[in-house]
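[1] 3D model of this:
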Amino acid sequence: MIPTISRQELKRKLDAHEKFYLVETLPLHTYEQGHLPGATCLPPEEARELAAHRLPDKNAEIVCYSDNADNMICARVSQELMNLGYKNVRHYAEGKSDWVDAGNALQAGPPEMLPETELRSSAQKAFQQA
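    Numbers count the residues shown, from 1 in each chain. Presented below is the predicted three-dimensional model:
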């Protein structure tokens, strides 16, 4: 079973600027519409491929979330991360809906920072398709 984290504890960690990975486990288009502050996107169908680039420290704390309706997706991605050797994975089970219902804001837009190799790869693909 994957340990959980409450909204109150997650908010406290964010407000204190603690160092941990916050991971939304929904598709990129959903992430771009609104995600928790500072979260990165790890779409369920790409979790295995992107984890090493987006979450390079396997010993760091990782908090995964989705929306409460997609709780099984988040649990599956969290378990996948543990199978890949990540040691400190937690699950915000109530998810994005709970965050918003409590009056907390979301950020919108694409992921702010992708590793340089991923940016270069994306730029190369766009150039090749043009």
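[2] all strands for this structure, in order.
    Assignment of strands within the chain using DSSP state E yields the ranges 21-24, 40-41, 61-65, 88-92.
[3] okay, the ones you listed, which one's buried deepest?
    strand 61-65 (a mean of 25; mean count of other Cβ atoms under 10 Å). No exception for glycine: its C-beta is placed from N, CA and C like everyone else's.
[4] For residue 106, see how far away residue 52 is.
    Separation of residue 52 from residue 106 (Cβ to Cβ, to the nearest Å) stands at 27 Å.
[5] re earlier: tell me which of the strands of the chain approaches residue 13 most closely.
    Evaluated over the strands of the chain, closeness to residue 13 peaks at strand 61-65, with 7.8 Å, by Cβ to Cβ.
[6] Give me the helices and strands touching the closest one, please.
    Judged by 3 or more Cβ pairs under 8 Å, 6 or more residues apart in numbering; DSSP states H and E, strand 61-65 is in contact with strand 21-24, helix 71-83, strand 88-92, helix 95-101.
[7] what's around residue 4, how many residues?
    Neighbour count for residue 4, taken as other Cβ atoms under 10 Å: 13.
[8] tell me, what residue is most central in the chain?
    Geometric centre of the chain, nearest residue: residue 23, 1.3 Å, by Cα atoms, centre = their mean.
[9] ok, that one to residue 91 distance?
    According to Cβ to Cβ, residue 23 and residue 91 sit 10 Å apart.
[10] Overlap of the contact sets of those two?
    Jointly contacting residue 23 and residue 91 under the rule Cβ atoms under 8 Å, 6 or more residues apart in numbering are 63-65.
[11] does residue 36 really touch residue 107, like I thought?
    Yes. Using Cβ atoms under 8 Å, residue 36 is in contact with residue 107, at 7.5 Å.
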